[in-house]
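Engineer: Build me a model from this:
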Amino acid sequence: MAESARPRTHRPHRTHHPHRRHPSHRTIQRIHVPSQARRRRAAAIAVVAALATTGAAVPATAGPQTAQKAAESANAATPHRVQLITGDVVEVTSGHVTGFDPAPGRENIPVHLREDGDRSLVVPLDAQRLISTGTVDERLFEVTGLDTEAARASYRNGLKVIVGYTDAAAATTARAAVAAAGGTKVRRTIEALNAQAVTTPGRDLPQLWKALTRAGGGGDGTARRTAAGIDRVWLDGTVTAQLDVSVPQIGADKVWAAGYDGTGVKVAVLDTGVDETHPDLTGQQIAEKNFSASADAKDRQGHGTHVASTIAGTGAKAGGAYKGVAPGARLIDGKVLDDSGSGNESDIITAVEWAVGEGADIINMSLGGPDSPGVEPLEETVDHYSESAGVLFAIAAGNEGPGASTIGTPGAADRALTVGAVDDGDAMASFSSRGPRVGDGAIKPDVTAPGVDITAASAPGSAIATEYGENPEGYVTISGTSMATPHVAGAAALLKQRNPDWRAAELKGALTGSAKDTGFTAFEQGAGRIQADRAVEQTVHAEPVSLNFGSVEWPHDDDRPVVRTLTYRNSADADVTLDLTASGAGPGGEAAPEGMFTVSPGSVTVPAGGAAEVTVTADTAIDAPDGQYSAAVVATGGRQSVRSAAAVDRETPSYPVRLRHLGRDGRAAAAFQTYVTGLSGEAAGQEFALDETGDSTELRLPVGEYSVQGIVLADRADSTKGADWIAQPKLTVDGPQDVTLDARTAKPVDITVPDRRATARQAHAGYTLKVDGLDRKFGWRLPSFENFRSAGLGPDVTDGSLQQVWDAHFASGENTQYSQIYGGPVTRPATGYRKHARGEDFARLVAGLGEPVAGKDAFLTPLGLLPTAGFGLASGRTLPSPSTQTLYLAGATGTKWYVGFEQLGDTLPNGWQLTDSRYGFNGETFRAGRTYRTDFNTGVYGPVLSDAQGIRRSGDTLYAFLNMFSDGQGHDGSTTVESARTTLHRNGEKIAENDDDLSVGSFPVPAEDAEYTLGTSITRSPKIARVGTRIDAAWTFRSRSGDEGDLPVSVVRFRPEVDLRSQVRAGRPVSVPVEIQGAAAGGNLRSLKVEASYDNAVSWQKVPVVLGRALLRAPAEDRAIALRAVIVDRRGNTSTLTFHDAFVGR
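Structural biologist: Below is the predicted model:
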């Protein structure tokens, strides 16, 4: 069939789309390859449970884990809340969506939930059409991206959004409406995009959403369009930062010998800042400006300094050994990433505008992230200034290789000179991102350059210098496409000096055309590895630098050849005759069949100062495997060679899939939202969202398996009038297909509780499909199951890979909640579901909500987990404390419950309420008809040893991941720490010291046997708790290499009967249960000494311990007691723990 331009919405990302304008869903990351993953300091929630119960409750524990894995597991379990642009709040735990809290007034809007591997999207019904039309950035609803550490820090004071406006008069009104949306502040004006970067506090996001969109009808407003004057809305995404042999590798030394070193050329480095005091950079910098959130432009990361010295370092500190590519060039330093290595896209865009104004000829951007089929704000900016100002942008390809279509953004911009990495032998670096570009299959990267083990200037004391170490002093060696890119920027500076009138297109053409073929495909290397010496000598270059033949539809027996024109321009004063050849590589890297790529004529003379055209043809009718083909057109003559990359997509077998949507009356649906997700084949992992009205729509899909599920609405403007969820979990596309989503086939979903006063708080319906070991989850969050129906389509799924889940939450008054979760393995999604639970179907959990300091509210969240079908969707409530809540929990056999407690703290300027402390338990199974009791957030606070918490050794590293403030009933969790001091002594000599708590820590130690003392002192603010204000601990033990696993340390647990304010009756005798955990537990205890203090740990009194109980006198009214324990195990290892303000008298 002939070459086609397929509608973007209806095709996998990798195929040809002539207009790349769909918003992206990605995060930009620093592009250098780290030596190891950094460990983050965080605390875990709900790892062990300790329940007092009228029956038997067994604590849930994890299986054996290595020290590192246990620490990672503990960190991942911490739930986070992220906010969508609609104002809705999503809870994310270990990458999974586990809770949803609609913004006021949005309670009745259905929300679509989907997870695909490590990517989770939460899209309210009123946003999907705006996403589908490319108006609203899908990243605003991708909670995995919003939940990164960098994103949480960036959006701490409000969500950052870039709003693009139309040129119409209505834009003036739209700008005013956006600025008036609560506390919205305009951070930057971006003239090139006719846009503004704004920050909106969380509490005001619903107002911003209303300013950006308008309702298409009444009801719950699920039919929305952009407001007049609004063009597009993007997330202002977070960004984080990504020579001695490498300089001659690209021929720069030969260019110097010819008299060119970049003199007179200005190169902007948009990065983490530049340490201009480094001897290699002294006098090289001519302008500097800070665009980041940091206080100044100082480089505390080290990334920007390394990049800058690769471009224009003089090598002065090392006698010229580490001289940059263009030491004569001058640097413009735009710090766009803060001291933690994070920033925002609008910061970079504004820095680009500034750098252009400063006269930059070349801009280096060693940063990037996953691309999407759309043109991102950064990409638009790159293309705009490349054309309007003639500035060349050298941009890193990314470090996501070696997989296909991993090129990052903004390197995916059409006019960017996108750079991959090779080693010193010109072999492709495994980490270097490959093409083709998502969305249209275009050639990227454009070139490669040295990027493995590059030595360049170090910023002393910076994060990179600390992590990698300086060797020699003043220099650091790192790898990445970040390191390759400045080689190209420096080469461009040499070329610009040689040809001062050349603009971006000429510079890019010369660098790509003169590149060396290193034996890889165009999707891996582009034109090849740059050769600065050849580029400076080159007088002929080609336009365009690469050819995209698009995609040709299957079948191919009637394909017509696709022809493109390649123009050669000659800047010399003599004619040049070129001989031309074309060769290609197939989907597996094999040589393309002879005749698939041809060039005509085979020889052409390019006149002096003139141009000549040739035609290049891709013939996909030739018998060959289907898939992506790359090619190189090589023109040689006049002692020069010009390389041009090319690509064509020979579409794999694909067929039309027609989807019909019928309403409850049998007529064309008033509205629908349908999602088709690729499960296998070429489209695996791709999703096609259809948000339309009418009877049918048609997709063209490659052969493979798909999952189809959609919701048919009785009224687009009011989803409460009827919503029918219809799903076919597996659709095999091996020919034309017709799928009808007929609302008449759906039956009601009806889940109730035996309490007439109870009202629905939330409902959730979903299914999980396991494909190749990966869970793909689909579902809907609803205000209730009222007027919601379901139906299953297609053949039965008999391999056990399909799981269904239904969960519902109700509230009855202020102190009673009902939570239910049902489901499990099914062969097809249920057509209707009915469960009228009786009282005896529920387990009763009575939960006390402790208040260690007055004036705090609590947040309580029950979450069910089915044995096979996965999580439900939690429904948390803000509640007073101290108080007692009754949770009625019911579920399918084997259901485990995760109940989380939070003590709420101060409210941030953005409207978010901080969490002071968080406690919970993981995976408890409750028996129907029984009553269980537990108290959260009461004393005595202290550490708990478990499979997930402890002090361990692995190799020659000691690891500590111990949350020192587990609550009195042993619920693990985290708390806000005011101060911490931790030390490690070896044979009496201090070898490590830091101000971290022990939630996640590591200490390198020698292999030889020694006595160690690990000590820590951690305090909490009295604003958070008046009990458990400070814990001191010291563990003395022996260890040597080979002592893998738990180290011989112990802890003590004091368990007095306290009320919800951690109080006991003042002045009376108290018998306090004492439990030893760890090395001294059981028969391994040699001695235990317990002491008490009633005067803030000034003086101490010995406390007798009889039959596992400490016998002491309660403190006076409103006074606290401190407890201290010294534990010695049978091998002589000693553990000393002091609990300040353990509990209080009343």
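Engineer: Output the lowest mean pLDDT helix or strand found in the protein.
Structural biologist: strand 52-53 (a mean of 25; mean pLDDT, DSSP states H and E).
Engineer: Could you verify that V1144 is part of a strand?
Structural biologist: Yes. Assessed with DSSP: H, G, I helix; E, B strand; the rest coil, V1144 lies in a strand.
Engineer: wait, it sits on Q1063?
Structural biologist: Yes. Using Cβ atoms under 8 Å, V1144 is in contact with Q1063, at 4.9 Å. All C-beta spots, glycine's among them, are computed from the backbone N, C-alpha and C.
Engineer: got any ranges where the stretch 1001-1146 of the chain has weak pLDDT?
Structural biologist: For the stretch 1001-1146 of the chain, applying pLDDT under 70 flags no range at all.
Engineer: the helices in the stretch 801-950 of the chain, which residues?
Structural biologist: Here the stretch 801-950 of the chain has no helices by DSSP state H, counting those that start in this stretch.
Engineer: remind me which residues of it are low pLDDT?
Structural biologist: In the stretch 801-950 of the chain (pLDDT under 70), the answer is 869, 910.
Engineer: quick one: the strands in it?
Structural biologist: Counting by DSSP state E, counting those that start in this stretch, the stretch 801-950 of the chain has strands at residues 802-812, 816-825, 833-836, 843-849, 857-866, 870-871, 877-880, 883-891, 896-907, 913-924, 931-936, 950-954.
Engineer: looking at the ones you listed, which is buried most?
Structural biologist: strand 802-812 (a mean of 24; mean count of other Cβ atoms under 10 Å).
Engineer: That one packs against which elements?
Structural biologist: strand 747-752, strand 759-771, strand 816-825, strand 857-866, strand 870-871 (3 or more Cβ pairs under 8 Å, 6 or more residues apart in numbering; DSSP states H and E).
Engineer: rerun at 6 Å
Structural biologist: Contacts defined by 3 or more Cβ pairs under 6 Å, 6 or more residues apart in numbering; DSSP states H and E place strand 802-812 against strand 759-771, strand 816-825.
Engineer: what sits against the residue nearest to N290 when sequence neighbours are not counted?
Structural biologist: Once flanking residues are discounted, N290 sits nearest to A297: 4.1 Å by Cβ to Cβ, 6 or more residues apart in numbering. By Cβ atoms under 6 Å, 6 or more residues apart in numbering, A297 lies in contact with 273, 288, 290, 335.
Engineer: before we move on, the earlier item: so for T518, which of the strands of the stretch 801-950 of the chain sits nearest?
Structural biologist: Nearest to T518, of all these, is strand 950-954, at 40.2 Å by Cβ to Cβ.
Engineer: Skip ahead from the closest one and say which helix or strand is next.
Structural biologist: As assigned by DSSP states H and E, the chain's next helix or strand after strand 950-954 is strand 957-961.
Engineer: now could you export just the CA positions of that next one as PDB?
Structural biologist: C-alpha atoms of strand 957-961 as PDB (Å, rounded to 0.1, in the frame of the first residue of the first chain):
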ATOM      1  CA  THR A 957      29.500  -2.400  54.900                       C
ATOM      2  CA  LEU A 958      27.400  -2.000  58.000                       C
ATOM      3  CA  TYR A 959      23.800  -1.000  57.300                       C
ATOM      4  CA  ALA A 960      21.300   0.500  59.700                       C
ATOM      5  CA  PHE A 961      17.700   0.800  58.800                       C
END
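Engineer: How many residues are close by D558?
Structural biologist: 8 (other Cβ atoms under 10 Å).
Engineer: how about it, secondary structure?
Structural biologist: Under the three-state scheme (three-state DSSP), D558 adopts coil.
Engineer: low pLDDT regions in the protein?
Structural biologist: In the chain, residues with pLDDT under 70: 1-77, 217-222, 240-245, 693-695, 869, 910.
Engineer: 80 instead, please
Structural biologist: Along the chain, segments meeting pLDDT under 80 span 1-78, 117, 216-223, 239-245, 369-370, 372, 691-696, 716-719, 869-871, 908-912.
Engineer: Do a quick rundown of the helices in the stretch 451-600 of the chain.
Structural biologist: 463-468, 481-498, 504-513, 522-525, 532-537.
Engineer: center of this structure - which residue?
Structural biologist: Centroid-nearest residue in the chain, with Cα atoms, centre = their mean: G145, separated by 3.7 Å.
Engineer: Doesn't it belong to a strand?
Structural biologist: No. With three-state DSSP as the criterion, G145 is helix rather than part of a strand.
Engineer: what about it, distance to A746?
Structural biologist: Distance, G145 to A746, using Cβ to Cβ, to the nearest Å: 34 Å.
Engineer: likewise Q83?
Structural biologist: 33 Å.
Engineer: what sits against M365?
Structural biologist: 270, 395.
Engineer: beta partners of it?
Structural biologist: Beta-bridge partners for M365, by DSSP bridges, are I395.
Engineer: Kindly report the same for the one 5 residues further on.
Structural biologist: Beta-bridge pairing for P370 (DSSP bridges): G408.
Engineer: What is the neighbour count of it?
Structural biologist: When neighbours are counted by other Cβ under 10 Å, P370 comes out with 22.
Engineer: can you offset everything so residue one is 8?
Structural biologist: Will do, 8 is the new start, and the previous item becomes P377.
Engineer: Quick check: the closest residue to V853 other than its chain neighbours vs L852, distance?
Structural biologist: Using Cβ to Cβ, 6+ apart and skipping residues adjacent in sequence, the residue nearest V853 is R940, 4.8 Å away. Applying Cβ to Cβ, the value for R940 to L852 is 8 Å.
Engineer: This protein - how does it break down into domains?
Structural biologist: 86-245, 251-545, 556-654, 660-751, 753-944, 957-1152 (automatic domain parsing).
Engineer: looking at this, A678 is in a helix?
Structural biologist: No. Per three-state DSSP, A678 lies outside any helix segment and is strand.
Engineer: How about it: what's its closest non-neighbour residue?
Structural biologist: R723 (3.4 Å).
Engineer: residues in contact with that neighbour?
Structural biologist: R723 sits next to 230, 677-678 when contact means Cβ under 6 Å, 6+ apart.
Engineer: thinking again about what came up before, can I get the helices of the stretch 458-607 of the chain in a markdown table including mean neighbour count?
Structural biologist: Formatted as a markdown table, the helices of the stretch 458-607 of the chain follow (neighbours: other Cβ atoms under 10 Å):
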| stretch | mean neighbour count |
| --- | --- |
| helix 470-475 | 18 |
| helix 488-505 | 31 |
| helix 511-520 | 25 |
| helix 529-532 | 27 |
| helix 539-544 | 23 |
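Engineer: Export the ones you listed as CSV, with columns for distance to D447.
Structural biologist: Output for the helices of the stretch 458-607 of the chain, formatted as CSV (distance: least, Cβ to Cβ, whole Å):
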stretch, distance to D447
helix 470-475, 36
helix 488-505, 21
helix 511-520, 19
helix 529-532, 13
helix 539-544, 27
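Engineer: Looking at these, spot the one closest to D1066.
Structural biologist: helix 470-475 (47.3 Å).
Engineer: who does the closest one touch, helix- and strand-wise?
Structural biologist: Against helix 470-475 (3+ Cβ pairs under 6 Å, 6+ apart) you get strand 482-485.
Engineer: what about the helices in the stretch 308-457 of the chain?
Structural biologist: For the stretch 308-457 of the chain, the helices defined by DSSP H, counting those that start in this stretch cover 310-319, 352-364, 384-395.
Engineer: Out of the ones you listed, which one sits most buried?
Structural biologist: Greatest burial across the helices of the stretch 308-457 of the chain, using mean count of other Cβ under 10 Å, falls to helix 310-319, with a mean of 33.
Engineer: Run through who's touching that one.
Structural biologist: Under Cβ under 6 Å, 6+ apart, the answer for helix 310-319 is 248, 250, 274, 276, 278-282, 287-288, 291, 306, 331, 333-334, 336, 338, 373, 463-464, 466, 493, 496-497.
Engineer: just stretch 804-821 next, same as before
Structural biologist: By Cβ under 6 Å, 6+ apart, stretch 804-821 touches 736-737, 758, 760, 762, 764-765, 767-777, 824-830, 832-834, 840, 875-876, 879, 882.
Engineer: Okay then, goodbye and thanks.
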